[in-house]
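**Student:** Sequence and predicted structure below; questions after.
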Amino acid sequence: MGGFIMPTVGLDVGHGEDTFEDKHSKGLYNNNQKYEEHHFNSKLAIEIEKHLKIHGIQVKMIQKPFSDDVPLIVRTNYYNNEKVDLVWSIHANANGNTHVEGICCFYWHDHEQSKKAAEMFIDEVKASGHDTHGSGLHASERGSWTDLHITRETKMAAVLTENGFMTNPEDFEDIFGNNNTKYIKELAIIHAKAICRYFGVKFKGEVIVSGTVSFPEEVKEMKIADLINSGDLVRLETVYRHARFEGLLDSDEWEKKVGSGELNIGEVAYIEALLDHRRYVKQKEQIEALKKELAELKSK
Ligand SMILES: [Zn+2]
């Protein structure tokens, strides 16, 4: 069967571990405590990456979370050389006026695909009930305050999200304060939904969790090899090889498990959930065929 062309996102973690210390910017002091924008950006990126991987979207990060700053020119050269499909930069905002609040998104003014991605993001922000900063949409233009390196120097669609104002007391609570864990989880879903939408991938991220934990432990540990005859096992292996080929099972652990007949029901459920979440609009028929094959096997 033909392979998917897996879309790739350059997930761009704003700033670096040394940014605050070296430049006394990109963060703030509150009650003598240091709060770094890079830390928030890192936590959010890690959560977004999890969602994207589950949906079969590849993630490339040249700026690693909680690591020293990678210069902007190095970042955009990397994305352009790697020919990623989309660059998604993650930030938190700051303003001298502490009343200024909300989420917004930048895109290069005459880049249609970037604008589309930005609109999808703001649409998801609004649907979630979080505030936007004004309309939430900012068209980057040369020579203005909106002239951002990331949106200007990227050859592909690119957006920069500002996920609230660190300088606003309510936004601060979300970004660094008591609401921090919940806020990051919600934001990661908002980001992932927008990115999935951009690529035409159906977002079902939340379903995966319930799907994989619903089996009792003793059932999860039962080995498939003990339950079906060897002929069917070969067919089952073929299904998993397809899944692997589609980029779903990239660890060699899976290869070992399938080869040695160690694959258990919990893992099958996991793989099934992954397969179920890989419904690209374009390749819908292909996935349906895979699922049918798996369902037939399981019904025996
Ligand atoms: Zn920033």
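**Tutor:** Okay, I see it. Numbers count the residues shown, from 1 in each chain.
**Student:** Going along the chain, name the helices of the stretch 151-300 of the chain.
**Tutor:** Using DSSP state H, counting those that start in this stretch, the helices of the stretch 151-300 of the chain run over residues 169-175, 180-199, 205-213, 217-220, 224-227, 230-245, 252-260, 265-276, 284-298.
**Student:** By mean pLDDT, show me the worst of those helices.
**Tutor:** Here those differ in mean pLDDT, and the lowest is helix 205-213 at a mean of 41.
**Student:** dump the residue contacts of the residue in the stretch 51-200 of the chain that the ion sits nearest to.
**Tutor:** The minimum distance from the stretch 51-200 of the chain to the ion, using C-beta to the ion, falls at H91 (3.4 Å). C-beta coordinates here come from the backbone N, C-alpha and C atoms, glycine included. H91 is in contact with 14-15, 37, 41, 160-163, counting by C-beta atoms under 8 Å, 6 or more residues apart in numbering.
**Student:** Quickly run through the sheet partners of the helix or strand where it lies, with directions.
**Tutor:** Assessed by DSSP states H and E, H91 sits inside strand 86-93. Paired strands of strand 86-93, with direction, are strand 8-13 (parallel), strand 157-165 (parallel) (DSSP bridges).
**Student:** after it, next one along is what?
**Tutor:** The C-terminal neighbour of strand 86-93 among helices and strands, as given by DSSP H and E, is strand 103-108.
**Student:** does any bit of that next one sit next to the ion?
**Tutor:** No - Strand 103-108 is not in contact with the ion by C-beta under 5 Å from the ion; minimum separation 10.9 Å.
**Student:** Start at 51, not 1
**Tutor:** Done: numbering now begins at 51, and the last item shifts to strand 153-158.
**Student:** The ion contacts on the chain?
**Tutor:** By C-beta under 5 Å from the ion, the residues of the chain that approach the ion are 64, 141.
**Student:** circling back to that earlier point, now, which of the contacts of H141 sits nearest L102?
**Tutor:** Among those, T211 lies closest to L102 (C-beta to C-beta), at 14.4 Å.
**Student:** Test of understanding: give the bridge partners of the closest one.
**Tutor:** I140, C155.
**Student:** That's all I had, so thanks and see you.
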